[in-house]
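J.: I'd like to go over a predicted model; first the sequence, then the structure.
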Amino acid sequence: DMIRAIRASKTAAEERAVVRKECASIRAAISENDPDYRHRNMAKLMFIHMLGYPTHFGQMECLKLIAAPGFPEKRIGYLGLMLLLDERQEVLIDLNHTNQYIVGLALCALGNICSAEMARDLAPEVERLLQFRDPNVRKKAALCSIRIIKKVPDLAENFINPAAALLKEKHHGVLITGVQLCTDLCKVSEDALEYFRKKCTDVVVRVLKDLVNSSYAPEYDVAGISDPFLHMRLLRFLRVLGHGDADASDCMNDILAQVATKTESIKNAGNAILYECVETIMSIEDNSGLRVLAINILGRFLSNKDNNIRYVALNMLTRAINVDAQAVQRHRATILECVKDSDASIRKRALELVYLLVNDSNVKLLTKELIEYLGVSDNEFKEDLSTKICSIVDKFSPEKIWYIDQMMKVLCEAGNYVKDEVWHTLIVVISNAINLHGYTVRSLYKAFQTSTEQETLAKVAIWCIGEYGDMLVNNVGMLDIEGPVTVTESDIIDVIDTAIKRHQSDTTILAMCLNALLKLSSRFPACSQRVKEILVQYKGSMLLELQQRAIEFNSIIERHQNIRSALVERMPVLDEATYSGRKGGSLPAAVSGSNGPSGNLANGVFKPATAVPLVDLLDLSSDDVPAPSPSGGDFLQDLLGDLSLAPTQSGPGQNKKSGTDALMDLLSIGSSPTAVTSVNPDILSLSLESKNSGASLEGLSSVPSMPKQVTSGGTTPIVDLLDGLSFSQPTIESNGLQLPPIVAFESSSLKMTFDFSKNSANPQTTSIKATFINLSVNIYTDFIFQAAVPKFLQLNLDPASSTTLPASGNGSIIQSLRVTNSQHGKKPLVMRIRIGYKINGKDVLEEGQISNFPRDL
């Protein structure tokens, strides 16, 4: 009646009312101590408990029912005990009753609510019951033993021999619990594991063989397979025994092969056994033949119509690829089909497996398949798929032209789904592929005309057209695989105009379009008027960035024709190694000399292979502990802490101007051109107080060498302005203490010496003349010297005499330094250096620490 009333309740309030009424009635019966309806009241309480209502007031009734002499009362009492109580309550359980069914009830209760104290007290009784005459009691005693050894692992040794005896049982119920007890004993005790390996491996193999070859038994048959549950338990036990033990693994190889070949996979029971068999084969010691057999089973699973089976197979293959990748490769076609599955979880898991399957030999084939599917895949899957494809191409590309082609295909199919770092990397690669600039810009021009809606493709295409648009018009760098393309200057401006109209909401694309138009106005003078008309449209833009660009670019086109071509020259080749290092969270790789180790990295680019992190370069010992920086944005200050960076020094006698005034003079904006007699080099010097969090060590205490000619005249192009920068080389003071020179740094390819002088009036300051000599037969270009010192030192570097170091000691580079020691007489000088240069276009980096300075500096 209570159950019927609760089910008839239409609202939660009605249900609560019925439950309250019944609970009140049960409380009244408990207070009256009515034994006739006690078991019915307990049954009601258990139902109320399963609905989630409090029933703690009926816990004592459970104990009263357990103490009752009748079996029906004890059965309800033990059931209530397992539901309403837990291991925190102390109860008295009788395992010595003469009725085997009551003993079975007590074992069930103990297996559910046994605490550590109860386990220690009742372990001898449970161990005794493992040898009881009735198989049901032995089965329940084995299950209770599992609970005991989990609560008190120290008791495991008491159950080893009784558990081993259970493996010889003929009753399947006792045997399956015995196998599980042995498995859990192995997990909690090394002694038990060794015992079972030596004494029981053959027994378990024999039991499994008998089970596999057994005839039809209706009481154990499931879908034509004899007791699949015992099959799986035995296979799991063998997995534990064989893991890490070659002898035990050899004993079970034959039976595992028999299970794998004889088990039918038509029904789910057979698939479950095969899965456990594969798990066991992959876990035991190496047997290549068995592993291939197991992976072939997983390959058959991939063709199953059941999504769960395919998902399990993909998971297992992902683990198996680390063991036998070649065997997994045989099922590559089936795995690729799973990438196209309608189930999202299978698609994702298959894509992860394909990513692991890619190597240098199959990258082109797999990439082609994935890109073809990218065009027809669901939009929600495009992001994951395009990310994996880009990662594969970036990691395994054999040559740059293939890399560029595949990236363009991805951008055409899913350009709106790729991450920003993808097209950033692509631009860096394109910049470095000097011989492919013409091919790339022509390919992007064609691709953009067919996929104008792809935002990322638009960004890359606009950048390349702005940089290499003249190559597109003149068909520069044509490859044999290309056909003739006829593109006019007006066509290129049309493409930029189309991009502006199609992507009005993307500020980045609009800004890149304006930049490209400015560059094209110099490359295509005939289109300058049309470029101006487009720029004028954004002079009143609500976006400050676009408005500022439009006004400045228009001013350059109208009023500064003489410097426009120099301002919009092609960008220098972007340093791919530096970008890759920053993207990965470290500085680019470098070698310590021209003959150092090297390696081939992604995108078909040869790069040095030894990573030199910034922290290693600047890891100077100092007793001063810097205070925390208040400026979270100063990357160098936060990172270096106790290091003082060397500022750039301008030549003496030069006029100081604000950066704004100097820039106005440089561009002649707002004034008529005037003769240039001297220019402050701070305009182009390296700012060492930059707040750019991505600044690398290339900005530390380094000043590029500048020409010495001074250009004067009327209208001066920017090149002349740069040529007109003059730096005076400070001379080393010689009216003080003279100190012997030292060899500050020497390697197999480079030697650096320091000559010192001090002014007696200022003993804290030391003037140093650094001389660099090339010991190799190669000419060093783009030479740059960088240094860092602890915080108690102040370092000033002057420009080097040259950026080219002749070979074989036939010349030298000289650079002056001034070091001020605020702890003069207390702490010696110490300096960390980095020297960079190029040999035949390849970057080389050498570094070291100088600590052999003369005393009293």
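T.: Alright, I've got the coordinates. Numbering: from 1, shown residues only.

J.: going forward, measure contacts and count neighbours with C-alpha atoms only.
T.: OK.

J.: For the helix or strand that contains residue 25, name the packing helices and strands.
T.: Under the criterion of DSSP states H and E, residue 25 resides in helix 12-32. The helices and strands touching helix 12-32, judged by 3 or more C-alpha pairs under 8 Å, 6 or more residues apart in numbering; DSSP states H and E, are helix 2-8, helix 38-50.

J.: chain center to the shortest one: distance?
T.: A distance of 56 Å separates the C-alpha centroid of helix 2-8 from that of its chain, computed with C-alpha atoms, centre = their mean, to the nearest Å.

J.: Would you mind listing the outside residues contacting that helix?
T.: Contact partners of helix 2-8, identified using C-alpha atoms under 8 Å, 6 or more residues apart in numbering, comprise 15, 18-19, 22, 44.

J.: of all those, which comes closest to residue 386?
T.: residue 15 (53.5 Å; C-alpha to C-alpha).

J.: got a list of what that closest one touches?
T.: By C-alpha under 8 Å, 6+ apart, the contact list for residue 15 reads 6, 9.

J.: And it, how close does it get to residue 83?
T.: 21 Å (C-alpha to C-alpha, to the nearest Å).

J.: Same question for residue 187.
T.: Taken as C-alpha to C-alpha, the span from residue 187 to residue 83 is 29 Å.

J.: Those two: which is more packed in?
T.: Per other C-alpha atoms under 10 Å, whichever of residue 187 and residue 83 has more neighbours is residue 83, with 18 against 13.

J.: which residues are in contact with the longest strand seen in the chain?
T.: Longest strand in the chain, counting residues (DSSP state E): strand 762-774. Residues from elsewhere that reach strand 762-774, judged by C-alpha under 8 Å, 6+ apart: 732-733, 749-759, 780, 805-822, 824, 857.

J.: Show me those that map onto helices.
T.: The helices, defined by DSSP state H, take in nothing from those.

J.: From the residues you listed, list the buried ones, please.
T.: 732, 749-759, 780, 805-807, 812-821, 824, 857 (16 or more other C-alpha atoms under 10 Å).

J.: where do the strands sit along the stretch 701-850 of the chain?
T.: With strands called from DSSP state E, counting those that start in this stretch, the stretch 701-850 of the chain shows them at 738-746, 750-759, 762-774, 781-790, 793-797, 812-821, 831-839, 842-850.

J.: avg pLDDT for the third one?
T.: Model confidence over strand 762-774 averages 91 on the pLDDT scale.

J.: So what's the gap between that strand and the chain middle?
T.: Using C-alpha atoms, centre = their mean, the offset of strand 762-774 from its chain centre is 46 Å.

J.: Could you list the paired strands of it along with their orientation?
T.: Here strand 762-774 has these sheet partners by DSSP bridges: strand 750-759 (antiparallel), strand 812-821 (antiparallel).

J.: Dump these into JSON lines; add mean pLDDT as well.
T.: Formatted as JSON lines, those follow (pLDDT from 0 to 100):
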{"stretch": "strand 750-759", "mean pLDDT": "89"}
{"stretch": "strand 812-821", "mean pLDDT": "92"}
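
J.: Specify the stretch among the ones you listed that is closest to residue 840.
T.: strand 750-759 (16.2 Å).

J.: That closest one versus strand 831-839: what angle between them?
T.: Angle, strand 750-759 to strand 831-839, by axes from the mean of the first three to the mean of the last three C-alpha atoms, to 10 degrees: 140 degrees.

J.: Quick check: beta-bridge partners of residue 750?
T.: With DSSP bridges as the rule, residue 750 is bridged to residue 774.

J.: Is it in contact with residue 777, as I believe?
T.: No: using C-alpha atoms under 8 Å, residue 750 makes no contact with residue 777, being 10.9 Å away.

J.: just to revisit the earlier point, nearest to residue 406, of the strands of the stretch 701-850 of the chain?
T.: Closest among those, using C-alpha to C-alpha: strand 842-850, at 26.5 Å.

J.: Show me what counts as buried in the closest one.
T.: So strand 842-850, judged by 16+ other C-alpha under 10 Å, has buried residues 843-849.

J.: For residue 741, see how far away the closest residue to residue 824 other than its chain neighbours is.
T.: Excluding its sequence neighbours, the residue lying closest to residue 824 (C-alpha to C-alpha, 6 or more residues apart in numbering) is residue 764, at 5.8 Å. Distance from residue 764 to residue 741, counting by C-alpha to C-alpha: 18 Å.

J.: Same question for residue 569.
T.: From residue 569 to residue 741 the distance is 45 Å (C-alpha to C-alpha).
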